[in-house]
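Colleague: Return atomic coordinates for the entry below.
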Amino acid sequence: MSSVGGWIERAKYDLDTATAMFDSGRYLYVVFCCQQAIEKTLKAIIVKNSGEFPPKIHNLPRLAELAGIVMEPRYTSFIGELSGYYVQTRYPEEIEMLSRDMDMDTAREIIIKTQEAMQWLFSLIQ
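Modeller: Numbering: from 1, shown residues only. Presented below is the predicted three-dimensional model:
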């Protein structure tokens with residue numbers, strides 16, 4: 001997947017999957033899918049700006065930097081926090097801890113913030 005459109009399509013798919021996970025009560029996976037949606041949106045911007053395949057990293061603030069984006073303050077801490085969920089959802093002991101802390105209200109808030117951030121990021125691609 002090296003085209004801007006391909007990355008955007010996958011990002012939207014991940015956001016749709018986050019909503020499906022929310023509807024099924026799998027709140028931990030809402031966060032993981034939201035992280036993936038933002039990651040792929042940032043990678044779309046990197047492809048658009050550089051014409052090159054983006055690096056195989058998952059650190060959202062670093063990807064934003066590589067994309068040449070100066071994050072709006074309202075997204076800076078959210079993107080950093082969301083970035084941490086990529087690693088934490090990969091290890092069993094951390095999955096258990098996060099599952100206890102993740103509830104419907106938190107998952108809903110994360111989806112809303114992800115939707116807002118993606119809308120802003122998509123505006124940078126136009």
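Colleague: Where does pLDDT dip in this protein?
Modeller: Scanning the chain for pLDDT under 70 picks out the ranges 1, 86-100.
Colleague: does residue 47 really touch residue 2, like I thought?
Modeller: Yes. Assessed by Cβ atoms under 8 Å, residue 47 is found in contact with residue 2 at 6.6 Å. For the C-beta atoms, the positions are set from N, CA and C on the backbone; glycine is no exception.
Colleague: Which one's more surrounded, those two?
Modeller: residue 47 (22 against 11; other Cβ atoms under 10 Å).
Colleague: How many residues are close by residue 7?
Modeller: Neighbours around residue 7, by other Cβ under 10 Å: 23.
Colleague: do residue 52 as well
Modeller: 9.
Colleague: What spatial separation is found between residue 105 and residue 114?
Modeller: Noted for residue 105: a distance of 15 Å to residue 114, by Cβ to Cβ, to the nearest Å.
Colleague: Looking at the two, which is more packed in?
Modeller: Set side by side, residue 105 and residue 114 show more neighbours around residue 114, with 26 against 9, by other Cβ under 10 Å.
Colleague: does the spatially closest residue to that one that is not a sequence neighbour count as helix, strand or coil?
Modeller: In this structure, residue 114 finds its nearest non-sequential neighbour in residue 34, 4.0 Å apart by Cβ to Cβ, 6 or more residues apart in numbering. Secondary structure state of residue 34, per DSSP: H, G, I helix; E, B strand; the rest coil, is helix.
Colleague: Can I get stretch 41-56 as CSV, trimmed to CA atoms?
Modeller: The C-alpha trace of stretch 41-56 is given here as CSV (Å, rounded to 0.1, in the frame of the first residue of the first chain):
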residue,chain,number,x,y,z
THR,A,41,-3.7,8.9,8.1
LEU,A,42,-0.3,10.3,9.0
LYS,A,43,1.4,7.8,6.7
ALA,A,44,-0.9,9.0,3.9
ILE,A,45,0.4,12.5,4.5
ILE,A,46,4.0,11.3,4.5
VAL,A,47,3.4,9.6,1.1
LYS,A,48,1.7,12.8,-0.2
ASN,A,49,4.5,15.1,0.9
SER,A,50,7.5,12.9,0.1
GLY,A,51,6.3,10.5,-2.5
GLU,A,52,8.1,7.8,-0.6
PHE,A,53,6.8,4.8,1.4
PRO,A,54,6.5,5.8,5.1
PRO,A,55,8.7,4.2,7.7
LYS,A,56,7.5,1.1,9.5
